[in-house]
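Chemist: after the sequence you'll find the predicted model.
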Amino acid sequence: MNANPEIASAASSTRPRAAGSRRRSFWPVFLGVLAGVVAFRSFVFTPFTIPSESMLPSLVNGDYLVAAKWPYGVSRWSLPFDAPLIEEKIGAAMPRRGDVVIFRHPVDHSEYIKRAIGLPGDTVEMRAGRLILNGEAVKRRRIDDFLLAVSPNTRCAWGASQQTDGDGRDLCRYARFSETLPFGSSYTVLDFGATPQDDYGPVTVPPGHVFMLGDNRDNSQDSRFPARAGGGVGMVPENLLVARAEMVLFSTDGSALWYKPWTWFTAARWGHMGEKL
């Protein structure tokens, strides 16, 4: 029995239109999802990788963080590829003393991460490694040493003593201290011993700037050093603040190999993940 040619012709004519309709509907959805992802990373949360040891013991080389974008406002430095679409910072706000801040270097605009210590009008000074804020020594006490396993992305710095644990692993041992800023913000720092930067200032933080320090006090290019590309950061302008570090999502010791999936698990620093900053 022959099919009705009119019905067959109508059915065949609807197929191209349906396919074209699906193609047309795909692009708005795709572009909408893409815009949502870009907006989320620009204005809400963004990932960040720790490439150095200037923030030991809180942050270790190989940490992957999540950072909040909104606390300090939005600028061109919040946007993908640093797109110059925002001329002036929107919703600008200063960090709290003790915040772990991601910012752009004043000279080369590379990303740095340090702890906010001094706000505009604060006087910052260091004497024999002790932090002095507005004329008063910040509370500091010695706590248990910090132990860090030697790995492909972690070596013992000059201020560490190297030892071996019961499992034959090489460890770096550092002197660790707890510091408590005014208004109760507490964190831990390392001290290698006497260095030239242990005596600094006093200096007064100018309007619209922040004084930054690394937690690894003797191995950090921070506001104690003049701003220069690849080095110190000087006083950091408020408009270069990008995000506030919130939590360590993942951490690896650098020993993983992509073609050996089991090393993805053995390289992970499981005990360090999920730590809030």
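Modeler: That came through, no problem.

Chemist: helix, strand or coil: sort out the nearest residue to residue 95 once chain neighbours are set aside for me.
Modeler: Excluding the flanking residues, the one nearest residue 95 by CB to CB, 6 or more residues apart in numbering is residue 116, at 4.2 Å. C-beta here means a position set from N, CA and C on the backbone, and glycine is covered the same way. Three-state assignment for residue 116 (DSSP: H, G, I helix; E, B strand; the rest coil): strand.

Chemist: hmm, residue 116 is touching residue 212, no?
Modeler: Yes: applying CB atoms under 8 Å, one finds residue 116 in contact with residue 212, separated by 6.2 Å.

Chemist: common neighbours of those two, please.
Modeler: Counting by CB atoms under 8 Å, 6 or more residues apart in numbering, the contacts common to residue 116 and residue 212 are residue 101.

Chemist: tell me the contacts of the residue nearest to residue 95?
Modeler: Residue 116 makes contact with 95-101, 210-212 under the criterion CB under 8 Å, 6+ apart.

Chemist: mark which of these are buried, thanks.
Modeler: The neighbour count (16 or more other CB atoms under 10 Å) marks 95, 97-101, 210-212 as buried among the contacts of residue 116.

Chemist: closest one of those residues to residue 155?
Modeler: Closest to residue 155 out of these is residue 100 (23.2 Å), distances taken as CB to CB.

Chemist: quick one: pLDDT of that closest one?
Modeler: pLDDT, residue 100: 97.

Chemist: got the phi and psi for it?
Modeler: Backbone torsions for residue 100, taken as degrees, to the nearest 10, come to phi -90, psi 110.

Chemist: I figured it hits residue 244, correct?
Modeler: Yes: counting by CB under 8 Å, residue 100 touches residue 244, with 6.9 Å between them.

Chemist: what touches both of the two?
Modeler: Counting by CB under 8 Å, 6+ apart, residue 100 and residue 244 have no contacts in common.

Chemist: pretty sure residue 236 contacts residue 212?
Modeler: Yes: because the distance of 5.6 Å satisfies CB under 8 Å, residue 236 is recorded as touching residue 212.

Chemist: what sits in contact with each of those two?
Modeler: Residues touching both residue 236 and residue 212 (CB under 8 Å, 6+ apart): 103, 223.

Chemist: you'd agree residue 215 is up against residue 131?
Modeler: No: in this structure residue 215 lies outside contact range of residue 131 using CB under 8 Å: 11.4 Å.

Chemist: narrow the contacts of residue 116 to those in strands?
Modeler: If you go by DSSP state E, the contacts of residue 116 have 100-101, 210-212 in strands.
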